[in-house]
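> Have a look at this prediction, sequence included:
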Number of protein chains: 2
Amino acid sequence: MVTIDQFREIVLKVARVVEARAHPDADKLLILKVDTGGVQKEIVAGIARHYLPSELVGKLIVVVDNLEPATIRGVTSHGMLLAASDGEHLSLVLPERVMPPGSVVR
Amino acid sequence: MVTIDQFREIVLKVARVVEARAHPDADKLLILKVDTGGVQKEIVAGIARHYLPSELVGKLIVVVDNLEPATIRGVTSHGMLLAASDGEHLSLVLPERVMPPGSVVR
């Protein structure tokens, strides 16, 4: 169990995908540039088997905005997108209605 | 900034809304019964100004599954749904593709 204060430490935001490309050294990874409300950042996501870069551009997704940067196969990821998985299939998690990038998710 | 371990402590899951009704004592609140993969639980959500109970039933949403229960205006909430807000508008956050309830979001 976690407390509401623990949950509130995690900053989740709506972000728009601005660019998406394959990771040069990892089949499963994509590199996305996202806009989290005036701020652009690059994130690495393990969704290449489930999404094409071209279908991601323009999409509103949800990212963990205050995650410590991590270098994944040589590329620094400044956040993480949210996706649902049942172990086989994967789906991004999106706002149902159009919301401005930077909108807080909680 | 939070670490990946801090984020992993929060269990997010896809849930299906089974029932939805107005909170008897609070205009802004709805009470939802959700299925998080074989487990049903009741959650209280401050979305009554943005969603009708009838439009929620059957929807796949995302909930914080391991949040300490909290009593909100006399009703115990066993979790929290994720929604995006810009201070005026509000949108639920949903899996883009149909996923089984209980699918882990991360």
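Great, that's in hand.
> so how many other residues sit close to A:Leu52?
Residues lying near A:Leu52 (other CB atoms under 10 Å in any protein chain shown) number 12. The way it works is simple: take the backbone N, C-alpha and C, and place the C-beta from them, glycine included.
> got it, and A:Thr71?
Neighbour count for A:Thr71, taken as other CB under 10 Å: 9.
> Get me the contact residues on chain A for chain B.
Contact residues, chain A versus chain B (CB under 8 Å from any CB of the partner chain): A:1-4, A:6-7, A:9-12, A:14, A:62, A:64, A:66-68, A:70, A:80, A:82-86, A:89, A:91-100, A:102-106.
> And the buried ones among those residues, selectable in ChimeraX?
Of these, the buried ones go into a single ChimeraX selection, burial set by 16 or more other CB atoms under 10 Å in any protein chain shown:
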select /A:2,6,7,10,11,12,14,62,64,66,67,80,82,83,84,85,91,92,93,94,95,96,99,102,103,104,105,106
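> so where does A:Phe7 fall, helix or strand?
Per DSSP states H and E: A:Phe7 is located in helix A:4-8.
> Off-centre distance for that helix?
20 Å (CA atoms, centre = their mean, to the nearest Å).
> can you list the residues that contact it?
A:106, B:6, B:9-10, B:64, B:67-68, B:70, B:80 (CB atoms under 8 Å, 6 or more residues apart in numbering or on different chains).
> quick one, phi psi at A:Glu96?
phi -70, psi -40 (degrees, to the nearest 10).
> pretty sure it is touching B:Pro95, no?
No - judged on CB atoms under 8 Å, A:Glu96 makes no contact with B:Pro95 at a distance of 10.3 Å.
> show me the contacts for the residue positioned nearest the centre of chain A.
With distances taken as CA atoms, centre = their mean, A:Leu81 lies nearest the centre of chain A, 2.1 Å away. Counting by CB under 8 Å, 6+ apart, A:Leu81 touches A:15, A:32, A:34, A:43, A:45, A:47, A:61-64, A:92.
> do the same with A:Pro100
A:14, A:37, B:86.
> ok, now which ones touch the last one?
Neighbour list for B:Asp86: A:99-100, A:102-104 [criterion: CB under 8 Å, 6+ apart].
> helices or strands up against the helix or strand where A:Leu32 lies?
Per DSSP H and E, A:Leu32 falls inside strand A:30-35. In this structure, strand A:30-35 packs against strand A:12-22, strand A:40-45, helix A:53-56, with contacts taken as 3 or more CB pairs under 8 Å, 6 or more residues apart in numbering or on different chains; DSSP states H and E.
> Neighbours of A:Pro24, how many?
10.
> Just confirm it is within a helix.
No - read with DSSP: H, G, I helix; E, B strand; the rest coil, A:Pro24 is coil and lies in no helix.
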